[in-house]
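A.B. asks: Next come a sequence and a model predicted from it.
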Amino acid sequence: MSQRFIEQVVFDYDREPSRDILCMDCRSFYASVECADRGWDALTTELVVMSYPSDVPTKRGSGLILASSPAAKKAYNLNNVSRARDLPFPYPDSLQIVPPRMQLYMDMNRVINNIYKQFADDENHHVYSVDESFLDVTNTMHLFGADTAFDLARKIQIKVHQETGIYVAVGIGDNPLLAKLALDNEAKTQSHMKAEWRYQDVPNTIWQIDELTDFWGIGRRMARRLEARGIRSPYDLAHTNYYVLQECFGVIGTQLFAHSWGIDRTFLGETYQPKSKSIGNSQALPRDYTQEEEVRNIIKEMADQVGTRLRREGYQAQSLSLGLGYSIGYQDKDGRTSVRQQMKIPATHQSKALIEYFLQLFDWIYDGQIIRSVSVNTTNLIGDWWEQLDLFADQMEEDRRDALDTIVDKVRQKYGFSSLVYGNSLQAGSRAIERSQLIGGHAGGMSGIEGTPITKNL
DNA sequence: TCTGGGGTCCTAGGACCC
DNA sequence: TCTGGGGTCCTAGGACCC
């Protein structure tokens, strides 16, 4: 027993994957797109993209800051996704507050990824998020007259900036983790926005990171737990016994240990492959909902919307989860401020069936609580081609529902989501029509600024 | 942590089966 | 029933990231 605590796990870098991985990150993406589209300097303009409840953010209130320009980040100490309350109020005149235009960002994302694709084929190009992508250029960089990955990174940066006005920061490493860490912890603060971290640099790079929370994969909570055991930095992490970490933190502990040595055995296309495993929506309601019927309507609308997304993306759901968040200060009889329930279902993507199941969950957990937020989620997704034989299902009814969904989807695709909604959605408390303009839960931007076509600069 | 978001991964613990 | 052990499936909940 005690034997294994004496030993320490040691990595042999010669046996670890050594590639030329680039982690590309569009600096302050949404904010930069806004600046580029308006002809403002992305580096000096103080700008935040804020999703807020009313038309004009004149009074201090709720609101989600989706992105901020470097200057705004610095001036107001903002991080990735912040809240409106993190800003000084009244809002300073020097600060530009603009509503999100999600469609514009998605269009720009496509343009930029098409540029990346010129430097790496599909196999070696992976989209990690709306503003981050990984490229494996090990075998292709010489094709572009680049002697080193660093050199190629510069070429890509220039090309993207020339064609879109967006600055890209690049982390370079032997594996995706090192590239990502180089990006997060060094590239973003370099004037040329590049950084290269290799295995042999680990002592001078990863181990020099001061804060645990600056290390990818460690948030506030985990940092506190680690600190409780005297681990205060990535260096400490790397010099703690592997088995002790495993004992205390399970798989996460072993993973963090490996990461602190720069070890990542995934190749692009494995863990970094974005595969849809769940599809859901959540929304904070514009006011407290006390009427059961109103909440039921919201759930119907959201289930319908999620059904549309499932069908569009070619999935069927095998599990559902419904969450209700209560009004501020409200507690149920168990003292909770929210409740969530999930269940298995026979695979489906039919709106009607999804609505029935979600309402079943609702009946299960609803007991007159005052509701302020609702989330519906579908998980355990499988491909559309799969058809489960259900001896008890009425095949004619099934076909009829499928046909109805297909028609509804077609009409909505052509005329917009709100062209066809449930009668309930015209009643008080309904959100479907307003929300139909949203993309990813935020304003799509079709209304644009002064009617500007959203693809102006593309 | 606090209310116009959307995701992923991991774990504990119970039910059930052999 | 209470001193069996092991495996699998399922749900609830925590943590983190963009």
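C.D. replies: Sure thing, it's come through.
A.B. asks: Tell me, what's the model's pLDDT at the residue in chain A that DNA strand B sits nearest to?
C.D. replies: Nearest to DNA strand B in chain A, going by C-beta to the nearest atom of the strand, is A:S62, at a distance of 1.5 Å. For the C-beta atoms, the positions are set from N, CA and C on the backbone; glycine is no exception. In this model, A:S62 is scored at 71, pLDDT.
A.B. asks: How about A:V411?
C.D. replies: A:V411 is given a pLDDT of 86.
A.B. asks: List the residues that contact it.
C.D. replies: A:419-420 (C-beta atoms under 8 Å, 6 or more residues apart in numbering).
A.B. asks: for A:R221, same thing?
C.D. replies: Applying C-beta under 8 Å, 6+ apart, no residues contact A:R221.
A.B. asks: That one and A:L212, how far apart?
C.D. replies: When C-beta to C-beta, to the nearest Å is applied, the distance between A:R221 and A:L212 equals 11 Å.
A.B. asks: where do the contact lists of those two overlap?
C.D. replies: With C-beta under 8 Å, 6+ apart, A:R221 and A:L212 have no common neighbours.
A.B. asks: How many residues are close by the residue in the stretch 51-200 of chain A positioned nearest to DNA strand C?
C.D. replies: At 3.3 Å from DNA strand C, A:S129 is the closest residue in the stretch 51-200 of chain A, using C-beta to the nearest atom of the strand. Neighbourhood size, A:S129 [other C-beta atoms under 10 Å]: 11.
A.B. asks: repeat for the one 4 residues further on
C.D. replies: By the measure other C-beta under 10 Å, the count of residues near A:S133 is 24.
A.B. asks: So it: helix, strand or coil?
C.D. replies: strand (DSSP: H, G, I helix; E, B strand; the rest coil).
A.B. asks: ok, it - contacts?
C.D. replies: A:23-24, A:112-113, A:116, A:125-127.
A.B. asks: mind listing what's buried in the host helix or strand of A:E301?
C.D. replies: Assigned by DSSP states H and E, A:E301 belongs to helix A:292-313. Across helix A:292-313, burial judged by 16 or more other C-beta atoms under 10 Å covers A:294-308, A:310-311.
A.B. asks: Show me what that helix packs onto, helices and strands only.
C.D. replies: With contacts taken as 3 or more C-beta pairs under 8 Å, 6 or more residues apart in numbering; DSSP states H and E, helix A:292-313 sits against strand A:278-289, strand A:315-326, helix A:351-365, strand A:371-379, helix A:395-415, helix A:432-435.
A.B. asks: Excluding chain neighbours, give the residue nearest to A:L420 in space.
C.D. replies: For A:L420, ignoring the flanking residues on the chain, the nearest one in space by C-beta to C-beta, 6 or more residues apart in numbering is A:V411 at 5.0 Å.
A.B. asks: now the helices and strands packed on helix A:292-313 in TSV, with distance to A:I263?
C.D. replies: As requested, the helices and strands packed on helix A:292-313 are arranged in TSV below (distance: least, C-beta to C-beta, whole Å):
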stretch	distance to A:I263
strand A:278-289	28
strand A:315-326	33
helix A:351-365	42
strand A:371-379	30
helix A:395-415	46
helix A:432-435	44
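A.B. asks: between these, which one is nearest to A:Q157?
C.D. replies: strand A:278-289 (33.9 Å; C-beta to C-beta).
A.B. asks: Quick one: residues in contact with the closest one.
C.D. replies: So strand A:278-289 is contacted by A:53, A:62, A:295, A:298, A:302, A:305-306, A:309-310, A:313, A:315, A:317, A:321, A:323, A:325, A:327, A:370-379, A:381, A:429, A:431, A:435, A:441 (C-beta under 8 Å, 6+ apart).
A.B. asks: same deal with stretch A:74-84?
C.D. replies: Residues contacting stretch A:74-84 (C-beta under 8 Å, 6+ apart): A:46, A:48, A:50, A:52, A:57, A:60-66, A:68, A:72-73, A:86-88, A:94-95.
A.B. asks: per-residue confidence at the residue of the stretch 51-200 of chain A closest to DNA strand C?
C.D. replies: pLDDT at A:S129 comes out at 87.
A.B. asks: how many neighbours does the closest residue to A:Q200 other than its chain neighbours have?
C.D. replies: Using C-beta to C-beta, 6+ apart and skipping the chain neighbours, the partner closest in space to A:Q200 is A:Y13 (7.3 Å). For A:Y13, the count of nearby residues is 14 (other C-beta under 10 Å).
A.B. asks: and A:Y13, what are its phi and psi?
C.D. replies: The phi/psi pair for A:Y13 (degrees, to the nearest 10) reads phi -60, psi -30.
A.B. asks: Please state the backbone phi and psi of the residue most central in space within chain A?
C.D. replies: Geometric centre of chain A, nearest residue: A:S129, 6.3 Å, by C-alpha atoms, centre = their mean. Main-chain dihedrals, A:S129, degrees, to the nearest 10: phi -160, psi -170.
A.B. asks: likewise A:Q246?
C.D. replies: Phi and psi for A:Q246, reported as degrees, to the nearest 10, are phi -60, psi -40.
A.B. asks: Would you confirm that it contacts A:T254?
C.D. replies: Yes: using C-beta atoms under 8 Å, A:Q246 makes contact with A:T254 at a distance of 5.0 Å.
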